[in-house]
Each structure stands twice: as structure tokens, then as C-alpha cells.
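Novice: Okay, predicted coordinates and the sequence, questions at the end:
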Amino acid sequence: MSGIKRREFITLLGGAAVAWPLAAHAQQPMPVIGLLDAASAAERTEFMAAFRQGLADAGYVEGQNVAIEYRWAEGRYDRLPELAADLVRRRVSVIATPGTTAAAIAAKAATTTIPIAFGVAGDPGKLGLVTSLNRPGGNATGVNFFTNELTAKRLQLLREMVPAAKRMALLTNPTDRINEATLRDVEAAATGQQVLALEAATGPEIDTAFESLAREKVDALFVTGGAFFSARRVQLAVLAARYAVPATYSQRIFVEAGGLMSYGTPLADTFRQVGIYVARILKGANPADLPVMQATKFELVINLNTARALRFQVPPSLLALADEVIE
């Protein structure tokens, strides 16, 4: 063979045979997850670690074999539709909305083809996200973490905390569609109690709402869930202490920030489960066939330091029920 010995030629040919499939594999595009959330990156640090753990459990590591495009609404729910549309234009492989119901609704409105893995606070069937829980039937599936379904239970626990309460305030975010159902549920469950409905969509409006509940001399406060109030949990805790009003919240992060009590699903679990579902979709699973998961773990958290600051006696029965007591 001119200029090349036969053995060298075979060696070169063998090396090329190995290199060709490797090169073809390297050229395959890395799948991209579009992460859409109503909160900020700083607010979701702990929960995003859980989401990445769910991905990692299925073999996906950000920056190695999967990329994530983040879209944070920074508490502005009105930005969610455009952020969802931007991810659709980006042609991401799957859209994940692990912690915000409004984000899931925005994603579903933006695309009927790109798979969506959601975490929502209410019944995804009633929200129009799926046809049924067992067979979602469309391009979306995920986890229901039951914030809305727990309204009556949270109200019951607040009654046990403040058994003499006759007037209660309900604080909602009018820009969060899910809170419409919460208002109806609270009014239905608050038998024998007057409910003062207050709204706040900005920090100053939260201040105004507390001034109103002080004037109305309410005995207790029920704060609805959502990323907006989560981001302002310190403000809520400070104001509740200033006006000496016992308040209940949907997540433990409020209690860790100084709130009195919370009852709800650990949100980190939801983010991890959504991460697992995203990985299954990336591996080829069809969202239409993946049943919606139902949260099964709920926790009651009480802050005794806050109770003492309020000069409030927590009933022993509630302390016995609590999954965690912060002292």
C-alpha cells in the first residue's frame, strides 16, 4: 500500500471506526428544561436543590447532560404568560413548574405540545391542566400538593389555637387565581365566625391590610399560600407580631421566619418529585400516561418563641400534634 504499511492502515481504520460513533454522540443536542416559577431564584434555593436531586436520582445532572433555562417572575404573576411563551419560543424539551399553580396554568396556555411537569396547590382537573388524575390525557402531569384542599384543616387547627376567635381575617393575593377557591373554602368552613377578606399584591398593600385588621379587631389571621406571600414572609411575621395577631400559613418557611404556625405539604418534596417526573419525560415517557401524584406527607409546625412574644398560650393538644416545635 503506497506510503502506508498494511498494519498501520488497519490501525488507523480501526481508530476511525471508534471515533465516528463518539463524534455522532457528541453532536446530539443536550436536552433543555424550562423552569418557570413565580418566585425569585434566591427564594427557591432550597427547593431547587430538591428539584435537582430528583433529576440526579434519574441520572440527569445540570451542566453535564441536561441544561436548565430559568424564568423567574420575581413575585409578578402578570409576567408568567410572557415568560412561558419565551420558553416555548426557546423550544425547550420540557417545561417544569414545580411550585406555582399560576405558572402551570400559564405554561398550559402557552403550549399544547411541549411536555409540562407541574406542582400545583389545587385539583389539576378543576384547573384545566389534565383530563383525569390517573390518565392526564394531554401534555401536562405532575404533583398536587394540596394547599387548597387543606384549607378546612388549616382553619380547624387555627380554631384549636385560638378557640375564642369570633372574627377572622383572610389575606389573599388578588393576582393569584388559585386564591379565589381559597376564599370560597374559608367562608364555607368558617361556621360561626365572621371572615374579613383582605387583599394584597404589593408590600405596601400588606401594611395596609394589617392596619385594616387592627381597626376591625380580628382575633386571628389566615394567610393564603403562594410565592408572593412566601417572598414577604418576614414582613408578615413582623406585622403579625406588631399587631399581636395569631396567624396560620401554608408552609414551614413562614414559621422559620417568625410566623406562629403552618400546616401543609413539605414543598421540597414536591420539587423533588417534579424533578423525577421531568427526568421520566426526558427519557421518553408521555405526560398523558403519567398519573398525577398526590402528596401524602403533611406537617404541622409551631413557633413557640413567637407564641411567647405574642404572650399567647399554645394549647397542649396542638403541641402534641405538631411535627416540629421551634423554640
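Specialist: Thanks, I have the structure now.
Novice: for the stretch 51-200 of the chain, what spans make up the helices?
Specialist: All helices of the stretch 51-200 of the chain, identified by DSSP state H, counting those that start in this stretch, fall at 80-90, 101-110, 151-161, 179-189.
Novice: quick check: angle from the third one to helix 179-189?
Specialist: What separates the directions of helix 151-161 and helix 179-189 is an angle of 50 degrees, with axes from the mean of the first three to the mean of the last three CA atoms, to 10 degrees.
Novice: any idea how far residue 227 is from the residue nearest the centre of the chain?
Specialist: By CA atoms, centre = their mean, the chain has its centre lying nearest to residue 99, at 1.6 Å. Using CB to CB, to the nearest Å, one obtains 7 Å as the distance from residue 99 to residue 227. Every C-beta, even on glycine, is put in place using the N, C-alpha and C of the backbone.
Novice: how does this structure divide up, domain by domain?
Specialist: Recorded structural domains for the chain (assignment: automatic domain parsing) are 32-146+266-294, 151-264+299-326.
Novice: got the end-to-end distance for the last one?
Specialist: Domain 151-264+299-326 has an end-to-end distance of 23 Å (CA to CA, to the nearest Å).
Novice: Mean confidence (pLDDT) on it, please.
Specialist: Computed over domain 151-264+299-326, the mean pLDDT rounds to 92.
Novice: where along the protein do the strands fall?
Specialist: Counting by DSSP state E, the chain has strands at residues 32-37, 67-72, 94-97, 116-120, 140-144, 167-172, 194-199, 220-223, 247-249, 261-264, 293-294, 299-303, 324-326.
Novice: strands paired with the last one, and their directions?
Specialist: Take DSSP bridges as the rule and strand 324-326 pairs in its sheet with strand 299-303 (parallel).
Novice: again, but for the fifth one
Specialist: The strands beside strand 140-144 in its sheet (DSSP bridges) come out as strand 116-120 (parallel), strand 293-294 (parallel).
Novice: Can you tell me what sits against the longest one?
Specialist: With CB atoms under 8 Å, 6 or more residues apart in numbering as the test, strand 116-120 has contacts from 94-101, 103-104, 107-108, 124, 127, 129, 139-145, 178, 267, 270-271, 273-274, 277-278, 281, 287.
Novice: Repeat the analysis, applying 7 Å as the threshold.
Specialist: Contacts to strand 116-120, defined as CB atoms under 7 Å, 6 or more residues apart in numbering, come from residues 94-99, 101, 104, 107-108, 127, 129, 139-145, 270-271, 274, 277-278, 281, 287.
Novice: How about the shortest one?
Specialist: Among residues not part of strand 293-294, those counted as contacts by CB under 7 Å, 6+ apart are 143, 144, 273.
Novice: Stretch 125-141 now?
Specialist: Residues from elsewhere that reach stretch 125-141 (CB under 7 Å, 6+ apart): 101, 104-105, 108, 111-118, 120, 124, 277, 287-292.
Novice: Kindly write the ChimeraX command that selects the buried subset of these.
Specialist: Selection command for ChimeraX covering only the buried members of those, criterion 16 or more other CB atoms under 10 Å:
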select :101,104,105,108,111,114,115,116,117,118,120,124,277,287,290,292
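Novice: Skipping adjacent residues, who's closest to residue 327 in space?
Specialist: Leaving out its chain neighbours, the residue that sits closest to residue 327 by CB to CB, 6 or more residues apart in numbering is residue 304, at 4.8 Å.
Novice: The one you found and residue 326, how far apart?
Specialist: Counting by CB to CB, the gap from residue 304 to residue 326 is 6 Å.
Novice: Residue 280 now?
Specialist: In terms of CB to CB, residue 280 sits 36 Å off from residue 326.
Novice: Looking at the helices of the stretch 51-200 of the chain, which is nearest to residue 245?
Specialist: With CB to CB, the closest approach to residue 245 among these belongs to helix 151-161: 11.2 Å.
Novice: Which parts of that closest one count as buried, going by neighbours?
Specialist: 151, 154, 155, 157, 158, 159, 161.
Novice: burial count for residue 139?
Specialist: Using other CB atoms under 10 Å, residue 139 has 21 other residues around it.
Novice: err, residue 242, not the other one
Specialist: As a burial measure, residue 242 scores 10 neighbours (other CB under 10 Å).
Novice: ok, it to residue 249 distance?
Specialist: Distance of residue 242 to residue 249, computed by CB to CB: 17 Å.
Novice: Now the common contact residues for residue 99 and residue 227.
Specialist: Taking CB under 7 Å, 6+ apart as the criterion, residue 99 and residue 227 both touch residue 37.
Novice: Quick one: the helices of the stretch 51-200 of the chain as JSON lines, columns for distance to residue 54 too.
Specialist: What follows is the helices of the stretch 51-200 of the chain, written out as JSON lines (distance: least, CB to CB, whole Å):
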{"stretch": "helix 80-90", "distance to residue 54": "19"}
{"stretch": "helix 101-110", "distance to residue 54": "17"}
{"stretch": "helix 151-161", "distance to residue 54": "27"}
{"stretch": "helix 179-189", "distance to residue 54": "27"}
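Novice: Thanks a lot, catch you later.
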